[in-house]
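A.B. asks: quick one, what's the 3D model for this:
(chains A and B)
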Amino acid sequence: MTDRRRYYLTTAIAYPNNRPGLHTLYEVIGADVLARRHRMAGDETRFLTGTDEHSVNIHQRAQELGLETRDFIDGMVRLFRDAEDALLIAPDRFIRTTDPDHRRASQEMVRRAFANGDVYQGSYEGWYCPNEGFRNLTDLIEEADGVRCPNHPDVPLQWLTEHNWFFRLSRYADRLLAWYAENPGVVEPEYRKNEMIAFIRNGLEDISISRETFSWGIPFPIRADGSEAVLPDGTPDPSAGVIYVWFDALINYITGAGFPDDPDAFARWWPADLHIVGKDINRFHTIIWPAMLMSAGLEPPRKVWVHGWLLTGGERMSKSRGNFLDPHDIVRTFGPDGARYVTLREVAFDKDTEVSWESFVRRYNADLANDFGNLLNRSLSMTGRYLDGERPAPGMGGPLAAAWPGIVGRYVAALEGCLLHEALGVLWEFVGAANRYVDAEAPWTLAKSAKAGDADAEGRLRVVLGDLLEACRLIVFAVAPYLPAAAPRAAEQLGIAWPYGPDGNGGPPVDGLLRWGAGPAGGTIGGAAPLFPRLETEPAPAG
RNA sequence: GGCGGGGUAGCUCAGUGGCAGAGCAGGGGACUCAUAAGCCCUUGGUCGGUGGUUCGAAUCCGCCCCCCGCUACCA
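C.D. replies: Numbering: from 1, shown residues only, chains lettered A, B, ... in the order given. This is a model prediction of the structure:
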């Protein structure tokens, strides 16, 4: 085993009932940036993402389409993986809750909670809408002839009683509150933690963790009498029902760390350093999940980051509304790097943000084509023209050298605080400073004087271009987690070897390369070619 | 209803008692290395409304209007 720092991060797993939209992959892109940052920083990094496949909706959807459930989800999962590949997302494992090791992990978690006295048999009853499931009493519409579901007033509600297993969540209120109190920053942003504290203080009820009426799921491992739910031929006893999808879904995070098959791996990777989740599933990750872990005698995660939604026209982007952006459209127009950049620059990682195709085009042109792409291109072009492509050493006393340490410090701090949009904003302050430096020094004027025999101008020209190429090098290495394909190409243009693999592993700790003057001495640049061609038209995709 | 967040330039937002700001978009200019990009200058705002406190309020207090989140088993 190595003594490198390890870093384990996860996204929520998506339920693959449809092709994925940008609003679904948004957090996966963000997590991929953080994973690449940690790999390049030299941390032994594990990045887990995947799909949540035991939903009843998925089973029903497959039946509507006349497909075997497994065949249906295999096709859907293919769409997720294709979209993630197009966005250059490189997880260390893509977990599916139908994976065999996940079945073992989930059943083991039920056994542990049961052994700890936290699982008991009970019943759940209430008004059931055939289209939506159980409805809360306060949501129902009262009609003269009875109560109705607000979303499906024409469908009669049924009063159903489900016998199933419950988890004693109510037992964990004090321990959860203590966990929040003793671990500042364990749930961020702060207001998301406060919502959960209010929820807990309102009183926690036990939650049901099994379903007896469904067969699509992980077999519940225990019978009512407490015996192992296995038939004489070794197959699961169907009368024991299945584990409720939410209980098994959360467990993917420890399955992905090696639980329970590989104790050494699990000891290395657990607890997770970061769970990235959407605000709609905050409660599951910051109340239910830690309680499940506590019950099993395992540590809760070190941090849960709760992000917001992408909005369009003030409404949440979603598949059901049909107002989502297709990742493939975005990759086709902006390229994989541009797609990642505009998404993470335009959307604040800590709250809801309004986005549009037009805002993405504006951001791409302004930041990538005009500011950064052009900076790289003009710096290389002048080096080729004035110095025959020879790469001069940077000066140590210029304004860019002075500004860089502050920039990189704030940049890394923003990344560590999961403020991915802000990190880019900080880095682009430096891009702006470099562009202003070009105009302030006017290398074309220095070049004319140098050609006329002015030795001072010649020396000055070399320092200015050295500074600009060094600024470009630093930006490229810093921004590489966001622009994983463009960064090596930019390095090639700068004539600098790229020491990292396609997923960010394999090179030296990047912080050593993020110091002014840490680039290779001497050498020549490669060719200059625009990395981010300006978009002259705004071809909004149809539909 | 209760608790919490918010309403500032055309757009996205920063700004917690001292001359209303940034980026983008719009307009003008000088330059020319560059992807007609970059640089400089600039138009633009009853800071949701209203009443107070204060020498002074986007900022503090009261009331009102509007938007959003949480208020448990769709996931």
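
A.B. asks: going forward, measure contacts between C-alpha atoms and count neighbours the same way
C.D. replies: Will do.

A.B. asks: got a list of what the nearest residue to A:H38 once chain neighbours are set aside touches?
C.D. replies: Distance criterion CA to CA, 6 or more residues apart in numbering; nearest residue to A:H38, sequence neighbours excluded, is A:T45 at 6.4 Å. Each residue near A:T45 by CA atoms under 8 Å, 6 or more residues apart in numbering is listed here: A:6-9, A:35, A:38-39.

A.B. asks: swap in A:D264?
C.D. replies: Counted by CA under 8 Å, 6+ apart, A:D264 has contacts A:G258.

A.B. asks: what about it, is that helix, strand or coil?
C.D. replies: Secondary structure, DSSP: H, G, I helix; E, B strand; the rest coil: A:D264 is helix.

A.B. asks: what sits opposite the residue nearest to A:H38 in the beta ladder?
C.D. replies: A:Y7 (DSSP bridges).

A.B. asks: how much space between it and RNA strand B?
C.D. replies: Remark: distance between A:T45 and RNA strand B (CA to the nearest atom of the strand, to the nearest Å) = 27 Å.

A.B. asks: which pLDDT value belongs to that residue?
C.D. replies: Listed pLDDT for A:T45 reads 97.

A.B. asks: and for A:A414?
C.D. replies: At A:A414, the model reports a pLDDT of 89.

A.B. asks: again, but for A:Y124
C.D. replies: We have a pLDDT of 71 for A:Y124.

A.B. asks: just the contacts of A:T45 now: which is nearest A:D503?
C.D. replies: A:R39 (7.9 Å; CA to CA).

A.B. asks: name the member of the contacts of A:T45 with the most neighbours.
C.D. replies: Of all those, the highest neighbour tally under other CA atoms under 10 Å goes to A:A35, namely 30 neighbours.

A.B. asks: helix, strand, or coil at A:F477?
C.D. replies: Assignment for A:F477 (three-state DSSP): helix.

A.B. asks: run through the residues that contact it.
C.D. replies: A:F477 makes contacts with A:487, A:510, A:513-514, as judged by CA under 8 Å, 6+ apart.

A.B. asks: picking up where we left off before, so which of the contacts of A:T45 comes closest to RNA strand B?
C.D. replies: When the contacts of A:T45 are compared for distance to RNA strand B (CA to the nearest atom of the strand), A:L9 wins out at 20.0 Å.

A.B. asks: nearest residue to that closest one other than its sequence neighbours?
C.D. replies: Spatial nearest neighbour of A:L9, chain neighbours left out: A:L274 (4.7 Å); criterion: CA to CA, 6+ apart.

A.B. asks: do A:N370 as well
C.D. replies: A:R534 (7.5 Å).

A.B. asks: in a helix, that's where that neighbour is, yeah?
C.D. replies: No. Looking at A:R534 with three-state DSSP, it is coil, so not inside a helix.

A.B. asks: that one contacts A:A369, correct?
C.D. replies: Yes. Taking contacts as CA atoms under 8 Å, A:R534 lies within contact range of A:A369: 5.3 Å.

A.B. asks: counting neighbours, which of the contacts of A:F477 comes out on top?
C.D. replies: Within the contacts of A:F477, A:A487 tops the neighbour count with 22 neighbours, counted by other CA under 10 Å.

A.B. asks: can you pull the contacts of that residue?
C.D. replies: By CA under 8 Å, 6+ apart, the contact set of A:A487 is A:476-477, A:479-480.

A.B. asks: which of the residues you listed tops the neighbour count?
C.D. replies: Most neighbours among the contacts of A:A487, by other CA under 10 Å: A:V476, with 24 neighbours.

A.B. asks: check which helix or strand the residue lying closest to it once chain neighbours are set aside maps to.
C.D. replies: Once flanking residues are discounted, A:V476 sits nearest to A:A487: 5.5 Å by CA to CA, 6+ apart. Taking DSSP states H and E as the criterion, A:A487 maps to helix A:486-494.

A.B. asks: related to what we said a few turns ago, against A:Y15, how distant is the residue nearest to A:L9?
C.D. replies: Distance of A:L274 to A:Y15, computed by CA to CA, to the nearest Å: 20 Å.

A.B. asks: related to what we said a few turns ago, can I get the contacts of A:A487 in a markdown table with pLDDT and distance to A:F349?
C.D. replies: Converted to a markdown table, those look like this (pLDDT from 0 to 100; distance: CA to CA, whole Å):
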| residue | pLDDT | distance to A:F349 |
| --- | --- | --- |
| A:V476 | 97 | 22 |
| A:F477 | 98 | 22 |
| A:V479 | 97 | 17 |
| A:A480 | 97 | 19 |
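
A.B. asks: and which of those residues is nearest A:A181?
C.D. replies: Set against A:A181, the nearest of these by CA to CA is A:V479 (35.0 Å).

A.B. asks: and the gap between the nearest residue to that closest one once chain neighbours are set aside and A:I475?
C.D. replies: In space, and not counting its chain neighbours, A:V479 is closest to A:A487: 7.5 Å by CA to CA, 6+ apart. To A:I475, A:A487 is 9 Å away according to CA to CA.

A.B. asks: before we move on, what about A:L535?
C.D. replies: In terms of CA to CA, A:L535 sits 22 Å off from A:I475.

A.B. asks: so those two - more neighbours on which side?
C.D. replies: Taking neighbours as other CA under 10 Å, A:L535 and A:I475 compare with A:I475 leading, 21 against 14.

A.B. asks: about what we covered before: from the contacts of A:F477, which is closest to A:V230?
C.D. replies: The nearest member of the contacts of A:F477 to A:V230, counting by CA to CA, is A:V510 at 52.2 Å.

A.B. asks: who's in contact with that closest one?
C.D. replies: By CA under 8 Å, 6+ apart, the residues touching A:V510 are A:40-42, A:477.

A.B. asks: farthest pair in those?
C.D. replies: Using CA to CA, the pair of these lying farthest apart is A:G42 and A:F477, separated by 13.6 Å.

A.B. asks: hang on, the earlier thing: give me the pLDDT for the residue nearest to A:N370.
C.D. replies: According to the prediction, A:R534 has pLDDT 92.
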